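Novice: just to be clear, the model below is a prediction. Sequence and coordinates:
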Amino acid sequence: MLYKELVEVYEKLSATTSKLEKRDILSDFFARIPEDILPFVTGLLSGYVFPKWTEKELGIGPRLLIKVISKVTGISEYKIDEYIISSGDFGEGIEIAIRQKKQQTFFDINIEISYLKDIFEKVSLFQGKGSQDKKINYLSELFSAASALEARYLSRTILEQMRTGVAEGIILDAIAKFSGIPKPEVEKSYLLTNDLGLVALYSKKGKDELNKLDIVVGRPIKPMLAQTIGSIEIALEEIDEPEMEIKYDGARVQVHKSGDVIKLFSRRLENITEALPEVLSELKTTLIPETILCEGEVVAYKDGKIAPFQYVLRRLRRKYQINELSEKIPLRLFLFDCLLVDGKSLIESPLKERRSILLSSVKESEIVRIAENIVSNNPVDIKNFYNKSVSEGHEGIMVKDYNSQYQPGARGKKWLKIKRTMETLDLVIIGAEWGEGRRKKWLSSLLLGIRDDEGNFLPIGKVATGLSDELFTEITEQLTPLILEEQGKIVTLVPKIVVEVLYDEIQYSPKYESGFALRFPRVLRVREDKDAYDADTISKVYELYESQEKTF
Ligand code: AMP
């Protein structure tokens, strides 16, 4: 199958805003894609090259790509920057550059999708020193063959900026339609595998095959999430048999053990095994079953006390001298759930049973522990437990339905959280401004975006104050490689970095495209554990706005 055919589909998808039409375009296309490239093409349609859990990535940012295009076309990087700025879109800027070149040389070579897959695989293998040149060579070969229109979509794919408005939901609808398998079954297998390509492939093979897909050790699943609730009383109205756990303020970790091999994954499903050596070695002696998939929160301790969340992040980010840092910032892991034991999935078992299996599967130690809990529906007991948690420096409590199943990826009412702080919003930095004077080297004024249901990021506020020098430096370092366009001091960014933002009030505002503005927003921290698609959505802003209306 040729890449050209996929580009035609992208074009059709971009030409309509109707979700039903998008679904139909995709479903017709799915029916035609050969099985050997179906998982790959499904990824490209959904906007990624490799499923996240595979740990593979292209590692190509906007600057490197512009270098490639400059090499292929002979047009200067500066000029290509100009095309990007004047068209207002990265992909279109690249398209203009390639079109100019093609006017002189004329011929395109048909790109087979299997060839593209091969190139991407190879590029992903180059890492570290000297890898850039090799990446540039492979990509130059690809872009020399591409037509101008193909180049537009290739560059968007490489930067994972598809803009065709195809969210996961539409892909799942399309898979259900082309395969004739009911949507809930398709959805369920997606939640269990976290891999749209795999779901598309098994759906093509038939319903029985699809239903064989299950959670497996080694492939992380989307974590079950919690809803915020204002008080213990409301929580008790929601849940008949509640179990309360300490809400630890750290980073979520999924532990996958199979024999001697243990892998740790973050909430974003990245492999973080190497960052946590002491936790890893401790897990080798504390986890009893041969195969087990369990979950917990890793928390930093300093001088015997709980340390702020940032310490955990430093540990997770660190690639070198890990042992040195692990002495300075020791960690503990508090396990709270168990999803699979000895090959048997437990996600349909009630929490009560999962917890009891967890207890008998772990030999607790100094570093690896089981999350502290109580089971009670007496508000006084719960309040005492909450007070104890907060006084020990934790974030609050989780109130969980003891009879509930584990629902991957769901933020339902089976898990509720009562946090000590006021509600914050996790927003994405979509633009920024270079500072002046002392702040010259920093991207200091940050434009914050809120995610809508289509996967767009709409401006909701600007924040320029309240950040420490350390945080400004850290944010600038992270944002600089994401610059898409620069106009004077103002830059547009690839929406990637998520920050937790505290504010005084949410106001209606015609000034911003989201329709809302935040009053006195302050950045609390970078949420390294989330990526743009885990950030909060506009519907949460609506909810907070409504609840605020009631309290003000
Ligand atoms: P939030 O990040 O505010 O949405 O809160 C949910 C997060 O709390 C989860 O993703 C976990 O990382 C964390 N957490 C801490 N303690 C627990 C616990 N006992 N049970 C579940 N999640 C917990």
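Specialist: Okay, I see it. Residues are numbered from 1 along each chain as shown.
Novice: from residue 523, how far out is residue 489?
Specialist: Distance, residue 489 to residue 523, by Cβ to Cβ, to the nearest Å: 19 Å. (C-beta placed from N, C-alpha, C; glycine too.)
Novice: which of those two has more neighbours?
Specialist: Between residue 489 and residue 523, residue 523 has the larger neighbour count (other Cβ atoms under 10 Å), namely 23 against 14.
Novice: could you verify my assumption that that one touches residue 500?
Specialist: Yes: if you go by Cβ atoms under 8 Å, residue 523 and residue 500 touch, sitting 7.3 Å apart.
Novice: okay, and the common contacts of those two?
Specialist: The contact sets of residue 523 and residue 500 do not overlap (Cβ atoms under 8 Å, 6 or more residues apart in numbering).
Novice: residues touching the residue of the stretch 51-200 of the chain found nearest the ligand, list them.
Specialist: As assessed by Cβ to the nearest ligand atom, the ligand sits closest to residue 194 within the stretch 51-200 of the chain, at 15.5 Å. Contact partners of residue 194, counting by Cβ under 8 Å, 6+ apart, are 51, 52, 53, 219, 220, 221, 222, 269, 408.
Novice: and stretch 235-254 with the ligand, contact?
Specialist: Yes: interface with the ligand: stretch 235-254 contributes 245, 246, 247, 248, 252 (Cβ under 6 Å from any ligand atom).
Novice: out of these, which sit inside strands?
Specialist: Here DSSP state E is the test, and the residues of stretch 235-254 next to the ligand give 245, 246, 247, 252 as lying in strands.
Novice: count of neighbours near the last one?
Specialist: This points to residue 252. 17.
Novice: residues in contact with it?
Specialist: By Cβ under 8 Å, 6+ apart, the contact set of residue 252 is 223, 266, 267, 295, 296, 297, 298, 529.
Novice: so what's it bridging to?
Specialist: As for beta bridges, residue 252 partners with residue 297 under DSSP bridges.
Novice: if I look at it, how far off is residue 316?
Specialist: 11 Å.
Novice: who touches both of these two?
Specialist: When contacts are counted by Cβ under 8 Å, 6+ apart, residue 252 and residue 316 are jointly contacted by 266, 529.
Novice: first-to-last residue distance for stretch 413-429?
Specialist: End-to-end distance of stretch 413-429: 29 Å, with Cα to Cα, to the nearest Å as the criterion.
Novice: pull out the buried positions in that stretch.
Specialist: Of all the residues in stretch 413-429, those buried under the rule 16 or more other Cβ atoms under 10 Å are 414-419, 423-429.
Novice: and the ligand, which of those residues reach it?
Specialist: Among the buried residues of stretch 413-429, proximity to the ligand is found for residue 417 (Cβ under 6 Å from any ligand atom).
Novice: filter the buried residues of stretch 413-429 down to the ones in strands?
Specialist: Per DSSP E, strands hold the following members of the buried residues of stretch 413-429: 414, 415, 416, 417, 418, 419, 425, 426, 427, 428, 429.
Novice: if I look at the closest residue to the ligand within the stretch 451-552 of the chain, how far off is residue 53?
Specialist: In the stretch 451-552 of the chain, the residue that lies nearest the ligand is residue 529 (7.7 Å; Cβ to the nearest ligand atom). Going from residue 529 to residue 53 by Cβ to Cβ gives 16 Å.
Novice: and residue 155, by the same measure?
Specialist: 25 Å.
Novice: of those two, which one has the most company?
Specialist: More crowded of residue 155 and residue 53, by other Cβ under 10 Å: residue 155, with 29 against 18.
Novice: what's the closest non-adjacent residue to the more buried one?
Specialist: Counting by Cβ to Cβ, 6 or more residues apart in numbering, residue 155 lies nearest to residue 94, which is 4.3 Å off, once chain neighbours are set aside.
Novice: neighbours around the one you found, how many?
Specialist: Residue 94 has 32 neighbouring residues, counting by other Cβ under 10 Å.
Novice: right, and it touches residue 81 too?
Specialist: No: in this structure, residue 94 is not within contact of residue 81 by Cβ under 8 Å, at 11.0 Å.
Novice: which bits of the stretch 301-450 of the chain sit near the ligand?
Specialist: Counting by Cβ under 6 Å from any ligand atom, the residues of the stretch 301-450 of the chain lying close to the ligand are 336, 371, 398, 417.
Novice: of these, which belong to strands?
Specialist: 336, 398, 417.
Novice: show me the domain layout of the protein.
Specialist: Listed domain ranges for the chain are 3-158, 225-419, 424-551 (source: automatic domain parsing).
Novice: where in the stretch 251-400 of the chain is pLDDT low?
Specialist: The stretch 251-400 of the chain contains residues with pLDDT under 70 at 318-327.
Novice: residue in it nearest to the ligand?
Specialist: residue 252 (3.2 Å).
Novice: the residues of stretch 235-254 next to the ligand: which two are farthest apart?
Specialist: Greatest spatial distance among the residues of stretch 235-254 next to the ligand (Cβ to Cβ): 246 and 252, at 14.0 Å.
Novice: who touches both of the two?
Specialist: Common neighbours of residue 246 and residue 252 are not found (criterion: Cβ under 8 Å, 6+ apart).
Novice: OK, contacts around the closest residue to residue 336 other than its chain neighbours?
Specialist: Nearest non-adjacent residue to residue 336, counting by Cβ to Cβ, 6+ apart: residue 371, 4.0 Å away. Counting by Cβ under 8 Å, 6+ apart, residue 371 touches 245, 246, 248, 296, 297, 334, 335, 336.
Novice: and the residues you listed as JSON lines, adding neighbour count?
Specialist: Shown next, in JSON lines, are the contacts of residue 371 (neighbours: other Cβ atoms under 10 Å):
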{"residue": "245", "neighbour count": "23"}
{"residue": "246", "neighbour count": "24"}
{"residue": "248", "neighbour count": "26"}
{"residue": "296", "neighbour count": "27"}
{"residue": "297", "neighbour count": "24"}
{"residue": "334", "neighbour count": "19"}
{"residue": "335", "neighbour count": "24"}
{"residue": "336", "neighbour count": "23"}
